[in-house]
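S.K.: Provide a 3D model corresponding to the input given below.
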Amino acid sequence: MTPDHAGDLYGEIFLAQQDAPAPRRSRIDGWKLLWPGFAVCAIASIAAAWLSEHYGAPIILMGLLIGLALNFITSEPRVNPGLDFVSKGCLRWGIVVLGTQVTIAQIGGLGPVPFLALLMVMAAAMGAALLVARLTGATTAIGLLAGGATAICGASAALALFGVLGPKRVSQAQFALTLVVVSMASALAMSFYPPLAAALHFDDRQAGFLIGASIHDVAQAIGGGYAFSDTAGSYATIVKLSRVALLAPVVTVVSIWAADDDGRGRHWIRKLALPWFIALFLVVVVLNSMIAVPPVVAKFCLTLSKALLLLAVTATAMRSRLDLVMQMGWRAAMPVVAATVASLLVAIAFSMMIL
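M.R.: Model prediction:
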């Protein structure tokens, strides 16, 4: 073989190697890439659960605070893929599993008049958040995030709405601050709303509606209801789960608004397309309504949903810059505060008038 031919052969081998597809990463390699971030987030979530169990603090709030305190860890590049995966994947599957706690019969058992009153309470929360966001110079997206989180189910709804709105419309710092304020407001409401209902001389049904319609987080709403009485706790559970069931319609409306806001001229059918995890949430609700789920399975699913959402919240807090959160100022918290006050006042009014 002449040197020229040898050179051609080497060139062909070199080009073949250059054109060859990159080796596919195995699932094991992918898990190794995600493991550092997942492990850190899991340890922080376990710490949050321990603090919540021993000191009675809301578990989501503990996850948020621990995550914010550990946000320096994102300077280590190895943890970022795992944190990204947890903040998105655990959020979506946590919302899906949450559907096991809701049935269509529960919503129907509320009755048409209380259900319409509940819609009015939720509308008041959304409207107040949008109005105050506009007055304080914030965007409509921030108002939708604050109002939706307050009106539906606290941190779970905030995570779902942020998944639709995205970081281009709501900054990571604003989102973290919204989660903190919503969780703190829910914790305070669980402590103060039952005594308030007693001071207003509400009966069990009135107290259950007030607590279930105005406390943000599911666990706090149910706990606040049972703090008043067992009957009030049962009714508060129905009211609160009816709010959770409305997560899908609210996310759909926000998704349509976001599609219009993009200015891409998308077809109306594509605008109506639900995020896959919201569509699965609806499917689970329907299946849960058709099939009797054993109480043990339902309890396990509730624990699993809480665990997944806690992981998502903790990872989201870790990815948020604490210095930017601190710089947001009091104005950034006002949409959540306004929505909380509006939902409380309207819930009190309807409890007095129609129940």
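
S.K.: tell me, how many residues neighbour K88?
M.R.: K88 is flanked by 16 other residues according to other CB atoms under 10 Å. (C-beta placed from N, C-alpha, C; glycine too.)

S.K.: the closest residue to it other than its chain neighbours sits in which helix or strand?
M.R.: With CB to CB, 6 or more residues apart in numbering as the measure, G163 is the residue that lies nearest to K88, at 7.3 Å, once sequence neighbours are left out. Taking DSSP states H and E as the definition, G163 sits inside helix 155-165.

S.K.: pLDDT at L64, what is it?
M.R.: At L64, the predicted lDDT confidence score is 81.

S.K.: again with L131
M.R.: Reported pLDDT at L131 in the predicted model: 95.

S.K.: then A273?
M.R.: pLDDT recorded at A273 is 56.

S.K.: G137 - nearest residue in space that isn't next to it in sequence?
M.R.: If you skip the residues right next to it in sequence, G137 has R331 as its closest partner in space, 7.3 Å away by CB to CB, 6+ apart.

S.K.: my guess is the one you found contacts R134, does it?
M.R.: No: between R331 and R134 there is no contact, the gap being 11.8 Å when judged by CB atoms under 8 Å.

S.K.: do you know how far the residue nearest to K88 is from G89?
M.R.: Distance of G163 to G89, computed by CB to CB, to the nearest Å: 11 Å.

S.K.: repeat for L118
M.R.: Separation of L118 from G89 (CB to CB) stands at 31 Å.

S.K.: go on, A227?
M.R.: Noted for A227: a distance of 34 Å to G89, by CB to CB.

S.K.: and G224, what element?
M.R.: With elements taken from DSSP H and E, the one containing G224 is helix 218-228.

S.K.: what does that helix rub up against?
M.R.: In this structure, residues lying in contact with helix 218-228 by CB atoms under 8 Å, 6 or more residues apart in numbering are 58-59, 101, 153-154, 156, 186-187, 189-190, 193-194, 197-198, 204, 207-208, 211-212, 215, 232-237, 239-241, 244, 306.

S.K.: what's the angle between that helix and helix 155-165?
M.R.: 150 degrees (axes from the mean of the first three to the mean of the last three CA atoms, to 10 degrees).

S.K.: begin at 556, not 1, for the rest of this chat.
M.R.: With the count now opening at 556, the last piece we talked about shows up as helix 773-783.
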